[in-house]
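In: Generate a structure from the sequence data that follows.
(chains A and B)
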Amino acid sequence: MSRRTVAELSRSLARGEFSSTELTRDYLSRIKQFNGVYNAYITVTEELALAQATAADQRRARGEHGPLTGIPIAHKDIFCVQDVRTTCASKMLSNFISPYNATVVERLNAAGTVTLGKTNMDEFAMGSSNETSFFGPVRNPWDPERVPGGSSGGSAAAVAADLCAIATGTDTGGSIRQPAAFCGITGFKPSYGRISRWGMIAFASSLDQAGPISKSAEDAALMMNAIAGPDSKDSTCVEVAAPDYMATLNDSLQGLRIGVPRQHLAEGLGAEVESALQAALKVFESLGATIKEVDLPNSHLSVSAYYVIAPAEASANLSRFDGVRYGYRCAEPVNLEDMYKRSRSEGFGSEVKRRIMIGTYALSAGFYDAYYIKAQQIRRLIKQDFDNAFKDVDVIIGPTTPHTAFKLGEKNSDPVTMYLEDIYTIAVNLAGLPGMSIPAGLHTHLNKRLPIGIQLVGKDFDEARLLNVAHQYQQNTDWHLQRPEV
Amino acid sequence: MVWETVIGLEVHVQLDTKSKLFSGSSTTFGAEPNTQAGIYDLAMPGTLPVFNEAVLRMAVKFGLAIDAEIGRRSVFDRKNYFYPDLPKGYQVTQLAFPTVGKGSLQITLEDGSEKVIGITRAHIEEDAGKSLHEDFQGLTGIDLNRAGTALLEIVSEPELRNAKEAVAYLKKLHAIILYLGISDGNMAQGSMRCDANVSVRQLGAKEFGTRTEIKNINSFRFVERAINHEVQRQIEIIEDGGRIIQETRLYDADKDETRSMRSKEVANDYRYFPEPDLLPVVIDEAYIESVRAELPELPNAKRARFVSQYGLSDYDAGVLASSREMANFYEEVVKICGDAKLSANWVTVDLQGLLNKSDLDISQSPVSAARLGALIGRIKDQTISSKIAKTVFEAMLGNEQSVDEIIESQGLKQVTDSGAIEKLVDEVIAANPEQVAQYRAGKEKVFAFFIGQAMKVSKGKANPDQLNALLLQKLKG
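Out: Numbering: from 1, shown residues only, chains lettered A, B, ... in the order given. Next comes the predicted model:
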């Protein structure tokens, strides 16, 4: 039963085929069995899970249930869960017990989900391979020699290896979509401002957005219905009520105008990814969509702009980790400066320190205009590119990543090659648009099958359309049902 | 060499809101350490700011009061620096787009002349917590109750030319803030704090000298003393051939000196950038007009009205309008007694003298406006003379009796019975034949002697006008 989608599990629970407690025990035993291999979880909250499962079963018995009641879920360890260790995969927070719940967690708790644990990730969400975690790398369930992608690598691996029914993730430059592509599952990043960031530990505040990592578009819609919408605790969360994302899943794609960015089909795109994309476009055509090329002329600037804006914001966001009030404090500090220096030097990993330094530099007197202001100008140009493209099309479809999952350690020596892994996803964050990765093929390489993802990008707050397009594709293909041999 | 002092003030005013700038935590002063710090104030991971709208209204109110440009779109920025009482490692403030832009304040100098001081800007920002260095055996305690409290930082142009002007500016600012009710303005508790940028230059020089910043001056008196000290220190250094270092200095009130805190030459680079957790604050005309409608009458307008409505001198009107409470007290007195000029004299001279002597504020006045009004009313209706009124006033301090009861019980009522006065006049004339002769010989100055004698005999109770008339008549006769 652990392989089923949330929608299927929900129906089974409703029919009484099994209880949430039984389902939860099944997942917990799978975690015990396989987490040693994949390292998808940092913390397993067995006691909390069983208590929530019991409560969910009671709710169901009383008839007070919704589609997510009793569904076992995993939270990326970037979300604060009250009274549970919340580490952000950093030594800095390895002893931090959150005193409160993130809004996303609060809303999922209210919907009756069962928290199995906290998933591994790149430290403070900084990375594209999940190798920067203080708690060790996550391994890709399709090939344990390979990375699951990052930063939501633990969530993606947990969903792909059926160590949970669905998971939460966060996406700053591709951190939901890229691991979803590498792990052969569905990853959804809503528009900036659609979901509250309260309780989600900030990496880059103007780019971070929470979203579901799931086994299907339908499951993503189910979770979106629970978590999307205004929150008075987050000023950047829009005040417009979210629609019912389930209501439009089955709308026809007849007449849908799909744009394919010319720049995404250019040099650097792996042949296997390109052919999977072309095959997917054929499927959409057969469903009544029309395809045209669109232009995103400034997309080549997105990685550079991103690696100014995100580190700049991060350099300030991470200042609070100073050893004063909570988190890691060095042993025997001799004075204040020593405490700051050693707590932060010892508490942060090298990628985090690299980005704090880049960000601090970019914001420094004398460099601010050349870096930060310039990057913001590029950001506006990128948004304009999308606005122009969306005059003619409803959805933009392209590759999620240039290649399939790479090997552990393969891209560690040069941070820039690693940063380029997010070349197709980053612009979407800079523009604040909804983006999604869905499985669209498997590439067989040395007897290993590796998933290929395609990316769907929608207009501002047009999440419903993206989920509809993805769901219709999944109704007509079975890539999303493929599972690795665990 | 003649030196000119150049002073600019940065005044931090703690806005009187129930909750903090970006969190719902309470702002009450004096609570147990760290009991008023919520998870945002503690900079718990994942917490976010939510702007307290009450702060915006107060800032706009202040902006309108100093006739400033109001930022239609103000933007919060992060100012980055590490300090243990700054939990986030950055302070949220406004750099390029403050809520209040250029404005001005009119101050009255000692010679009674007016000077307009430019205000560069006033921006909204959050306060830090407090580091407590005592009581922890070499360690530092952190109290975050104050962290995140809303401040309005009011920055003046460098247009103040001596310590007295600086104090006058500060007092005017203080009055406006109290008029507006946006802060309690309590300097001792830190609700109003002043940093002074001070430099000296040769009189007539175009360029400013190197300035130092004196931090944390917490009373009007200390502002004057700290600036005077710093000016003296700078002049001495320059005259000895030295040069002023741009630095931050702390005023030590106990030793009455300033001393170096940190040099700006190794200053922090604050790496300001727009706070991505908050949206720009956009306000429209309608909002501004709704705030304008709430504005009380301000000191200058009140002063002008006192001159035109009550016929007061500019000086008296200025003194009375200098604080909202003083002005209200005065107008209540006028309402009761109906004599604006007498009321002005009594409030600015007699009452103010009393308050100064006992170091009291008008709000703590031992004589209520109602009682003072009643007293002046009795002067006006000639029940008592102005002179006797002072006796009654003294008596009022010691007991709760009404003005009439005091006059009655102490027999201070003025004698207006013309028969009695005539008898008095006759007695005085009869007793002083020599002076009568002098007067009648043309030495009219002697008249005052007869008034004095008559008043002495009547214990000051004779109606002066009647006494005057009768004396004149009888002496001439």
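
In: hey, which helix or strand in chain B has the poorest pLDDT?
Out: Lowest mean confidence among the helices and strands of chain B (mean pLDDT, DSSP states H and E): strand B:257-263, at a mean of 78.

In: and that strand, what does it pack onto?
Out: With contacts taken as 3 or more Cβ pairs under 8 Å, 6 or more residues apart in numbering or on different chains; DSSP states H and E, strand B:257-263 sits against strand B:212-217, helix B:220-239, strand B:247-252. Placement of C-beta: from N, CA and C, glycine included.

In: Next, the angle from that strand to strand B:212-217.
Out: Following axes from the mean of the first three to the mean of the last three Cα atoms, to 10 degrees, one obtains 110 degrees for the angle between strand B:257-263 and strand B:212-217.

In: Check which residues of strand B:257-263 are buried.
Out: Residues of strand B:257-263 classed as buried: B:T258 (neighbour count, 16 or more other Cβ atoms under 10 Å in any protein chain shown).

In: could you dump that strand to CSV, C-alpha only?
Out: Extracted in CSV, the C-alpha atoms of strand B:257-263 (Å, rounded to 0.1, in the frame of the first residue of the first chain):
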residue,chain,number,x,y,z
GLU,B,257,32.6,64.4,29.9
THR,B,258,32.4,62.6,26.6
ARG,B,259,34.7,59.7,25.8
SER,B,260,35.4,57.7,22.7
MET,B,261,33.3,54.7,22.0
ARG,B,262,34.4,53.6,18.6
SER,B,263,36.1,55.2,15.7
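
In: For the helix or strand just after that strand, what is the distance to the chain centroid?
Out: The C-terminal neighbour of strand B:257-263 among helices and strands, as given by DSSP states H and E, is strand B:273-274. For strand B:273-274, the distance from its own C-alpha centre to the chain's C-alpha centre is 36 Å (Cα atoms, centre = their mean, to the nearest Å).

In: For A:K91, list the residues it contacts.
Out: Applying Cβ atoms under 8 Å, 6 or more residues apart in numbering or on different chains, one finds that A:K91 lies in contact with A:F134, A:Y328, A:E346, A:G347, A:F348, A:G349.

In: Counting neighbours, which of these end up buried?
Out: Of the contacts of A:K91, these count as buried by 16+ other Cβ under 10 Å: A:F134, A:Y328, A:G347, A:F348, A:G349.

In: and the residues you listed near chain B, which?
Out: Near chain B, judged by Cβ under 8 Å from any Cβ of the partner chain, there are no entries from these.

In: What is the most widely separated pair among the residues you listed?
Out: The largest separation in the buried ones among the contacts of A:K91, counting by Cβ to Cβ, is between A:Y328 and A:G349 at 11.7 Å.

In: Residue 304 - how many residues pack around it?
Out: The chain I'm using is chain A. A:S304 has 15 neighbours, counted by other Cβ atoms under 10 Å in any protein chain shown.

In: my bad, the chain I had in mind was chain B
Out: Applying other Cβ under 10 Å, I find that B:A304 has 15 neighbouring residues.

In: Now it: phi and psi?
Out: Dihedral pair for B:A304: phi -60, psi -40, per degrees, to the nearest 10.

In: Please tell me how far it sits from B:F450.
Out: Using Cβ to Cβ, to the nearest Å, B:A304 is found at 45 Å from B:F450.

In: Also A:A51?
Out: Distance, A:A51 to B:F450, using Cβ to Cβ: 104 Å.

In: Among these two, which residue is more densely surrounded?
Out: Higher neighbour count among A:A51 and B:F450: B:F450, with 22 against 15, using other Cβ under 10 Å.

In: Quick check: which ranges of the stretch 151-300 of chain A have low pLDDT?
Out: Judged against pLDDT under 70, the stretch 151-300 of chain A has no low-scoring part.

In: mind listing the strands for the stretch 351-486 of chain A?
Out: When assigned using DSSP state E, counting those that start in this stretch, the strands of the stretch 351-486 of chain A occupy the ranges A:395-399, A:435-445, A:448-458.

In: Nearest to A:A280 among those would be which one?
Out: Closest among those, once you apply Cβ to Cβ, is strand A:435-445, at 4.4 Å.

In: Describe which strands that closest one pairs with in its sheet and in which direction.
Out: strand A:186-189 (antiparallel), strand A:448-458 (antiparallel) (DSSP bridges).

In: Quick one: distance of the first one to the chain centre.
Out: Centroid separation for strand A:186-189 versus its chain: 6 Å, with Cα atoms, centre = their mean.

In: Skip ahead from it and say which helix or strand is next.
Out: Next in sequence after strand A:186-189, counting helices and strands by DSSP H and E, comes strand A:209-214.

In: Pass me the low-pLDDT residue ranges in the stretch 201-350 of chain B, would you?
Out: B:262-267.

In: Show me which residues of it sit near chain A.
Out: Applying Cβ under 8 Å from any Cβ, we find that the stretch 201-350 of chain B lies next to chain A at B:D269, B:R271, B:Y272, B:F273, B:P276, B:D277, B:L278, B:L279.

In: Name the residue of the stretch 51-200 of chain B that lies nearest to chain A.
Out: Closest to chain A within the stretch 51-200 of chain B is B:G89: 2.4 Å, counting by Cβ to the nearest Cβ.

In: Which segments of chain B make up each domain?
Out: Domains of chain B are assigned by automatic domain parsing as B:10-198+B:267-290, B:299-409, B:418-476.

In: Tabulate those domains (CSV), appending distance to A:N95.
Out: Below are the domains of chain B laid out as CSV (distance: least, Cβ to Cβ, whole Å):
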stretch, distance to A:N95
domain B:10-198+B:267-290, 13
domain B:299-409, 52
domain B:418-476, 84
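
In: in chain A, which residue is closest to the centre?
Out: The residue lying closest to the centre of chain A (Cα atoms, centre = their mean) is A:I176, at 2.1 Å.

In: Quick one, which of the domains of chain B gets closest to A:D234.
Out: Per Cβ to Cβ, nearest to A:D234 of those: domain B:10-198+B:267-290, 5.2 Å.

In: Just checking the distance from the closest one to the centre of its chain.
Out: Put simply, domain B:10-198+B:267-290 sits 19 Å off its chain's centre (Cα atoms, centre = their mean).

In: pLDDT score for B:A31?
Out: pLDDT for B:A31: 86.

In: Identify the residue nearest it in space, chain neighbours excluded?
Out: The shortest distance from B:A31 to any non-neighbouring residue, by Cβ to Cβ, 6 or more residues apart in numbering or on different chains, is to B:N145 (5.7 Å).

In: helix, strand or coil for that neighbour?
Out: Classification of B:N145 by DSSP: H, G, I helix; E, B strand; the rest coil places it in coil.

In: thought it was touching B:G38?
Out: No - contact criterion Cβ atoms under 8 Å: B:N145 and B:G38 do not qualify, at 10.7 Å.

In: Neighbour count: those two, which is higher?
Out: B:N145 (23 against 18).

In: Look up how far B:Q36 lies from that one.
Out: B:N145 sits at a distance of 4 Å from B:Q36 (criterion: Cβ to Cβ).

In: Repeat that for A:S94.
Out: 29 Å.

In: More neighbours: the two, which one.
Out: B:Q36 (24 against 16).

In: What parts of the stretch 301-450 of chain A come near chain B?
Out: Proximity of the stretch 301-450 of chain A to chain B (Cβ under 8 Å from any Cβ) is limited to residues A:312-313, A:315-316, A:318-322, A:324-326, A:336, A:340, A:360, A:363-365, A:368, A:372.

In: let's see 10 Å
Out: The stretch 301-450 of chain A has residues A:309, A:312-313, A:315-327, A:336-337, A:339-340, A:344, A:359-368, A:372-373, A:376 near chain B, with proximity defined as Cβ under 10 Å from any Cβ of the partner chain.
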